[in-house]
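K.L.:
I would like to see how this sequence folds:
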Amino acid sequence: MDAWLVAFIGVQMAFFAFLLWLIANYRLRNRARQSEERLRLLERFESGKDFEAFLDSESGGSFLESFRSPGLNLRALWTVSLYGGLVALFCGFGFFFLSRVESFREPQEFLVPAFLLIAGGSAALLAGFLTRPSDRS
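P.N.:
Numbering: from 1, shown residues only. Below you'll find the predicted structure:
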């Protein structure tokens, strides 16, 4: 492979890693901010009776609801799996067709990523179809 192609792929991977780091950092800061707010709210109560009265109120109910973890949305996970499988499959076909173009120096270099993407995309689609959530979820 040419050096510019390796550099191009490396820059894309670095950019993707940076985006993942940004998302993870945002989530960590958001959780830290929420826990700090909750701690400040709990420190305001002087006795257990005040805290009990707060929990019995409507505001206390919403405070307790903020601790509940969100439910797992199986249908959304399923559609993301299908979309990911389709994208990998079509990228694999793209690499496969690039391997058939004669204008590249060594077009066979595209066969390995092509078959890996086609296999991964097919596996994701098959897993998605086999684990399709029912209408009740």
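K.L.:
which stretches of this protein form helices?
P.N.:
Secondary structure of the chain by DSSP state H: the helices cover 3-43, 48-56, 58-65, 74-99, 111-130.
K.L.:
Would you mind saying which of those lies nearest R105?
P.N.:
In terms of C-beta to C-beta, the element of the helices of the chain nearest to R105 is helix 3-43, at 10.5 Å. Any C-beta I mention is one placed from the backbone N, CA and C, and that applies to glycine too.
K.L.:
Which elements pack onto the closest one?
P.N.:
Where contact means 3 or more C-beta pairs under 8 Å, 6 or more residues apart in numbering; DSSP states H and E, helix 3-43 is not packed against any helix or strand.
K.L.:
please begin residue numbering at 48 from this point
P.N.:
Got it, first residue is 48 now, which makes that one helix 50-90.
K.L.:
gap between it and the chain center?
P.N.:
Mean-position distance between helix 50-90 and its chain equals 12 Å (C-alpha atoms, centre = their mean, to the nearest Å).
K.L.:
Repeat that for stretch 98-114.
P.N.:
On C-alpha atoms, centre = their mean, the centre of stretch 98-114 falls 32 Å from that of its chain.
K.L.:
Would you mark the buried spots in that stretch?
P.N.:
F101 (16 or more other C-beta atoms under 10 Å).
K.L.:
do the same with stretch 144-153
P.N.:
Those would be L145, S146, for stretch 144-153 by 16+ other C-beta under 10 Å.
K.L.:
Give me the contact list for it.
P.N.:
D49, P154, Q155, E156, F157, L158, A161 (C-beta atoms under 8 Å, 6 or more residues apart in numbering).
K.L.:
ends of that stretch, how far apart?
P.N.:
13 Å (C-alpha to C-alpha, to the nearest Å).
K.L.:
is it possible to export the helices of the chain to CSV including mean pLDDT?
P.N.:
As requested, those are exported to CSV (pLDDT from 0 to 100):
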stretch, mean pLDDT
helix 50-90, 85
helix 95-103, 81
helix 105-112, 79
helix 121-146, 87
helix 158-177, 89
